[in-house]
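> Got a predicted model here, sequence first, then my questions.
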2 protein chains.
Amino acid sequence: MNIAARNPTTRSAFVPHDIKAPIRGAASGPLAGLTLAVKDMYDLTGERTGGGNPTWLANAPVATGNAAAVQKLLDAGASVIGKTVCDEFFYSVIGINAHYGTPVNVRAKGRVPGGSSSGSASAVASGAADIGLGSDTGGSVRVPASFCGLYGIRPTHGRIDLSDAMPMSPTFDTVGWFTAGPGLFRKVGHVLLDSAGVPAEVTDVVVLEDAFAEADPAVAALLDAALRAMAGDLPTPRRETIAPAGLDSWRDAVRLIQASEIWENFGAFVQQKKPTFGPGVRERMEFTATVGGEALARAQETRLAARDLIRTLAVPGTVMVCPTAVSIAPRIDASAEELENFRVRVQRITAIAGIGGLPQINIPVGTVEGCPAGLGLIGWPGGDEALLDLAVTLSRHCGIEME
Amino acid sequence: MNIAARNPTTRSAFVPHDIKAPIRGAASGPLAGLTLAVKDMYDLTGERTGGGNPTWLANAPVATGNAAAVQKLLDAGASVIGKTVCDEFFYSVIGINAHYGTPVNVRAKGRVPGGSSSGSASAVASGAADIGLGSDTGGSVRVPASFCGLYGIRPTHGRIDLSDAMPMSPTFDTVGWFTAGPGLFRKVGHVLLDSAGVPAEVTDVVVLEDAFAEADPAVAALLDAALRAMAGDLPTPRRETIAPAGLDSWRDAVRLIQASEIWENFGAFVQQKKPTFGPGVRERMEFTATVGGEALARAQETRLAARDLIRTLAVPGTVMVCPTAVSIAPRIDASAEELENFRVRVQRITAIAGIGGLPQINIPVGTVEGCPAGLGLIGWPGGDEALLDLAVTLSRHCGIEME
């Protein structure tokens, strides 16, 4: 079942069932005149929301309103110019969609854009839109931001309304976004972050040694060079191991809990409609049906203990530093084994902010072999605005090249 | 005299004599919260303006005010985060600076960023700033925009105030800018374009066959693919030759007139201070001293006749389409001959809007061999706003890959 072969050359950021005309934003507001590409998990009035899968799309109702996040951006002046491709049911960080094609990553020839918010990242990286709306459950904004050389954020869990967006794993799901520049990145945050933040001066920077140990040496070297360049704009970092027993048990806990929540959201649909899935997603969706009992209970316990530990470190004023992804983007023709290896390694890092419910941003500090790789900054609960300010302060050090 | 060897690894977008702290823009305004990188030809209060050459810098007075364009952007809310490297005296479209290093082009590994507004393009492409302020006399915004995958504009000559910016060749000099996204590209235009525009619906699209003939086949194929993708958003193009006697006489006229104006601006300085120039710039600066007499008079005649011809075509409602540059960015280690060959070919195309005094934009439609190349759209006098609107309309077709 080689579905991909149906669309071997399609690399559009936008879905075939795209809107027929732009949706105009308000005439005035902080984002007036800017354009927005929306991940096909957010409702748009009069459209079906597809979640990356044609069977879901065919069975979806026509939305009678815009998702809360979309409406806020429209009210702030941004105009929606398209619905973007995403990984099926948001269940991958790679960015390959077997039904609609893999959105182009113009920043890394022959490589994936990262996912699941692949098309929104692709659109911003290629200049097709000013702002890309995505979502991040286990890395779905952070990873494509790193692969495509963009600013991207996973906000504090619960700080941005997810109404009328498809849920995936609600205890981890967040609204996220991409931009090419730092000031616009922050501006979008001021529009979307609606509950009160927790302001604090950044006085403590902690480099997470175990997260850096997961990264390819060239990526780690790039990020070290970025930290050296940023020395005048940041408190002197200290180095620490965040997970003394290893990051793998955290990753595994996230994997099981997400699977169980995904089955709650999509299990009945999968059983009734028997949709066709692309490779990888199919296997993982089958796995979700099997999760429960003792293993899930242990995962919940691991999550709680890890959350307490992470939150001890993530206090107002402290920023943790990690590689956003462990490598540059894998090649589109990478083997299933190579992609799985990447997934496992990157999830060890993305699990930290995921379990902590913490905000994390990507700063596109530079390139390795000509392909982007970004620096991850993890903040405290409600420290989203402080991270966005930091992105603006540190931005001028972007543009570092590593051979 | 291998000056470049002094800074072999420096690829910063910013000059060593950079501002020590950001210059804050107004708290409100259409560009509030956004960041701006400024080409080191625009005065900033309390700083010396260097024009890419250390001897000029050392002899420059400390500016007592901001250049008009900078002040407008500050008043609109943008904050200046740095002064960017440019080609010496803006006298190159390549982007290599022998004194300060060649700003990185993160979009095209091992290749030049294009110039002369090299650092401003580099800063925006790498995510170091939201907006890059440059200038365009003979391609100095258009070429780096194409090489770095950015939106860029040369506005109608005379429509934006160049006060307190270093002149190069005043009858061609224009203020220009770069952004990564289309809506922001237009927003900056609405701030900077201060005289009245000439609105008109675009009803006529003319593909300039002789300009396309200058382009590498793969670049021409990319732009053809872009035009096909844009078919639903543009009137059906007709194909035309703009210079029946060849574009070379236009290029040569521009070259001589620019040289004579450059000598007027910098001749006395060169004779008195005997500055050190990098390769290429040195030879061209020596050439400026020799221009005059019959040859210059003939060039002025050619310019006038060509301008009349171009302006017959460039009427309100008509947009001309051309390759912005003839190729992807040359390699940093390209030979002097390769760079000269590129210069000659690209100047045949940039001469059209230059002689016509016409606005021209670059749309970053996609990549060839993974490196950006852009589509040029030339408008009518005062048609800047119409071009900026067109950039927004056509933007969703960006992201085309050509092997």
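Great, that's in hand.
> Which residues of the stretch 151-300 of chain A lie near chain B?
A:151, A:179-184, A:186-187, A:190 (Cβ under 8 Å from any Cβ of the partner chain). Heads up, the C-betas are built off the backbone N, CA and C, glycines and all.
> where does the stretch 301-403 of chain A dip in pLDDT?
Under the criterion pLDDT under 70, no range of the stretch 301-403 of chain A is flagged.
> just the helices in it please.
A:336-356, A:384-394 (DSSP state H, counting those that start in this stretch).
> Report the distance from the longest one to the chain centre.
Shown here is helix A:336-356, whose average C-alpha point lies 12 Å from the average C-alpha point of the whole chain (Cα atoms, centre = their mean, to the nearest Å).
> Output the contacting helices and strands for that helix.
On a contact count with 3 or more Cβ pairs under 8 Å, 6 or more residues apart in numbering or on different chains; DSSP states H and E, helix A:336-356 meets helix A:142-148, helix A:209-214, helix A:248-273, helix A:293-313, strand A:318-323, strand A:371-378.
> In the longest one, which residues are buried?
Of the residues in helix A:248-273, those scored as buried under the neighbour-count criterion (16 or more other Cβ atoms under 10 Å in any protein chain shown) are A:249-263, A:265-266, A:269-270.
> Next one: A:Ile153 from A:Ile160, what distance?
In this structure, A:Ile153 and A:Ile160 are 10 Å apart, going by Cβ to Cβ, to the nearest Å.
> With neighbour numbers in mind, choose between those two.
A count of neighbours by other Cβ atoms under 10 Å in any protein chain shown puts A:Ile153 above the other of A:Ile153 and A:Ile160, at 33 against 23.
> Dihedrals phi and psi, that one?
phi -140, psi 140 (degrees, to the nearest 10).
> quick revisit: any chance of the residues of the stretch 151-300 of chain A next to chain B in a markdown table, plus secondary structure and pLDDT?
Shown next, in a markdown table, are those (DSSP: H, G, I helix; E, B strand; the rest coil; pLDDT from 0 to 100):
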| residue | secondary structure | pLDDT |
| --- | --- | --- |
| A:Tyr151 | strand | 99 |
| A:Thr179 | strand | 99 |
| A:Ala180 | coil | 98 |
| A:Gly181 | coil | 98 |
| A:Pro182 | helix | 98 |
| A:Gly183 | helix | 98 |
| A:Leu184 | helix | 98 |
| A:Arg186 | helix | 98 |
| A:Lys187 | helix | 98 |
| A:His190 | helix | 97 |
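> could you dump stretch A:270-285 to CSV, C-alpha only?
Extracted in CSV, the C-alpha atoms of stretch A:270-285 (Å, rounded to 0.1, in the frame of the first residue of the first chain):
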residue,chain,number,x,y,z
VAL,A,270,-10.8,4.2,13.6
GLN,A,271,-13.0,1.2,14.5
GLN,A,272,-16.0,2.4,12.6
LYS,A,273,-14.5,4.0,9.5
LYS,A,274,-11.4,1.9,9.1
PRO,A,275,-9.4,4.8,7.6
THR,A,276,-6.3,4.3,5.5
PHE,A,277,-3.2,5.6,7.3
GLY,A,278,0.3,6.3,6.0
PRO,A,279,3.2,4.2,7.2
GLY,A,280,4.3,4.8,10.8
VAL,A,281,1.1,6.5,11.7
ARG,A,282,-0.7,3.2,11.1
GLU,A,283,1.5,1.3,13.4
ARG,A,284,1.3,3.9,16.1
MET,A,285,-2.5,4.2,15.8
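> and it, what's its mean pLDDT?
When pLDDT is averaged along stretch A:270-285, the result is 93.
> just stretch A:134-149 next, same as before
On average, the pLDDT along stretch A:134-149 is 98.
> got the buried residues for the helix or strand A:Val70 falls within?
Following DSSP states H and E, the helix or strand that holds A:Val70 is helix A:68-75. Residues of helix A:68-75 classed as buried under the neighbour-count rule (16+ other Cβ under 10 Å) are A:68-74.
> if we can go back for a sec, quickly check the residues of the stretch 151-300 of chain A next to chain B for the two that are furthest apart.
Checking these against each other with Cβ to Cβ, the farthest-apart pair comes out as A:Ala180 and A:His190, at 17.6 Å.
> Show me which of these two is the more surrounded one.
Looking at A:Ala180 and A:His190 with other Cβ under 10 Å, you find the greater number of neighbours at A:Ala180, namely 29 against 16.
> Nearest residue to the more buried one in space, please, no chain neighbours.
On the basis of Cβ to Cβ, 6 or more residues apart in numbering or on different chains, the spatially nearest residue to A:Ala180 that is not a chain neighbour turns out to be B:Ala180, at 3.4 Å.
> any idea how far A:Gly356 is from the one you found?
Note on B:Ala180: its distance to A:Gly356, by Cβ to Cβ, is 31 Å.
> now A:Gln71
For A:Gln71, the distance to A:Gly356 equals 29 Å [Cβ to Cβ].
> in stretch A:224-232, what's buried?
Neighbour counts using 16+ other Cβ under 10 Å place A:225-227, A:229-230 of stretch A:224-232 among the buried residues.
> quick check, nearest of those to chain B?
When those are compared for distance to chain B (Cβ to the nearest Cβ), A:Ala229 wins out at 9.5 Å.
> which SS class is the nearest residue to A:Phe266 once chain neighbours are set aside?
Beyond its immediate neighbours in the sequence, the residue positioned closest to A:Phe266 (Cβ to Cβ, 6+ apart) is A:Phe89, lying 5.9 Å away. For A:Phe89, the secondary structure call by DSSP: H, G, I helix; E, B strand; the rest coil comes out as helix.
> List the contacts of A:Phe89.
Residues in contact with A:Phe89, defined by Cβ atoms under 8 Å, 6 or more residues apart in numbering or on different chains, are A:51-53, A:56, A:168, A:262, A:266, A:281, A:285.
> Which one of those is nearest to chain B?
Using Cβ to the nearest Cβ, A:Gly52 is the member of the contacts of A:Phe89 that sits closest to chain B, with 18.3 Å.
> ok, A:Leu377 - how many residues close by?
A total of 26 residues lie near A:Leu377 under the criterion other Cβ under 10 Å.
> For the stretch 1-150 of chain A, what lies in contact range of chain B?
Proximity of the stretch 1-150 of chain A to chain B (Cβ under 8 Å from any Cβ) is limited to residues A:11-14, A:30, A:32-35, A:78-79, A:81-82, A:103-104, A:106-110, A:122-124, A:126-131, A:149-150.
> can you do 7 Å?
Among all residues of the stretch 1-150 of chain A, those adjacent to chain B (criterion: Cβ under 7 Å from any Cβ of the partner chain) are A:11, A:13-14, A:33-35, A:81-82, A:104, A:106-107, A:109, A:122, A:126-130, A:149.
> residues making contact with stretch A:334-351?
Counting by Cβ atoms under 7 Å, 6 or more residues apart in numbering or on different chains, stretch A:334-351 makes contact with A:93-94, A:138-139, A:142-143, A:211, A:214, A:247-248, A:250-251, A:254-255, A:279-280, A:322-323, A:325-327, A:330, all of which sit outside it.
> and what of stretch A:63-82?
Under the contact criterion Cβ under 7 Å, 6+ apart, stretch A:63-82 has outside partners A:14, A:18-19, A:22-26, A:28-38, A:42-47, A:49, A:129, A:131, A:133, A:160-161, A:163-165, A:175, A:191-192, B:396.
> Which ones among those residues map onto strands?
Among the contacts of stretch A:63-82, the members falling in strands are A:35-38, A:131, A:133, A:175 (criterion: DSSP state E).
> now the helices and strands packed on helix A:336-356 in TSV, with distance to A:Leu387?
TSV is the format used below for the helices and strands packed on helix A:336-356 (distance: least, Cβ to Cβ, whole Å):
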stretch	distance to A:Leu387
helix A:142-148	12
helix A:209-214	16
helix A:248-273	21
helix A:293-313	15
strand A:318-323	7
strand A:371-378	6
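> Please determine how far A:Arg331 is located from B:Glu264.
Plainly put, A:Arg331 is 54 Å away from B:Glu264 if you go by Cβ to Cβ.
> buried sites along stretch A:20-32?
Neighbour-count burial for stretch A:20-32, with 16+ other Cβ under 10 Å as criterion, is recorded at A:23, A:25, A:29-32.
> Reformat those residues as TSV; add pLDDT.
Supplementary listing: the buried residues of stretch A:20-32 in TSV, determined by pLDDT from 0 to 100:
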residue	pLDDT
A:Ile23	98
A:Gly25	98
A:Gly29	97
A:Pro30	97
A:Leu31	98
A:Ala32	98
